[in-house]
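Novice: Build the 3D model from these lines:
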Amino acid sequence: MPREQTAQRLTLESRFEEVARAEEAVLGAVRDRGYDESAVFSIKLALEEGVTNAIKHGNNLNPRKHVTLDYTVTDDEVRIEITDEGPGFDPTEVPDCTAEENLERPSGRGIMLMKAYMTDVWYAEGGNRVVMIKKRQCPLPE
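Specialist: Numbers count the residues shown, from 1 in each chain. Coordinates of the predicted model:
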């Protein structure tokens, strides 16, 4: 029988040190559910990029602004929502960081990594909220 989901909300200050607090909370719940280390790594990377982007680009390191982290962990998936208090952005306007002319530019790599390591990623509410889902991979039959 499936266990109840783990759902939590954290309010983070706009300081990079808060990334570790976010990781500790989310990854603790993910490990408690028995997700494998590959999934833990993927979630850690995407969470780090998402929270860092919210602090740096969304809130512009403004100490009066906060980042809200909502996460839900079930036996089947991990859902993470990161919301900043910034004006938002249009993710379609971020240059493709894999295009030859952008290879030397640091912009857009975090978004690319989140999309590469999570099952699904999208932006809501005018671009100041990112929603990421990591589906649990089913083990192969023996």
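Novice: Let's check: the centremost residue of this protein is which one?
Specialist: Leu47 (3.3 Å; Cα atoms, centre = their mean).
Novice: In this structure that residue contacts Ile80, no?
Specialist: Yes. If you go by Cβ atoms under 8 Å, Leu47 and Ile80 touch, sitting 6.1 Å apart. The way it works is simple: take the backbone N, C-alpha and C, and place the C-beta from them, glycine included.
Novice: so what's in contact with these two at the same time?
Specialist: Common contacts of Leu47 and Ile80, defined by Cβ atoms under 8 Å, 6 or more residues apart in numbering, comprise Val26, Met132.
Novice: elements contacting the helix or strand harbouring the residue nearest to the centre of the chain?
Specialist: Per DSSP states H and E: Leu47 is located in helix 37-53. Under the contact definition 3 or more Cβ pairs under 8 Å, 6 or more residues apart in numbering; DSSP states H and E, helix 37-53 sits against helix 18-32, strand 77-83, helix 109-117, strand 129-135.
Novice: Off-centre distance for the longest one?
Specialist: Right, helix 18-32. 11 Å (Cα atoms, centre = their mean, to the nearest Å).
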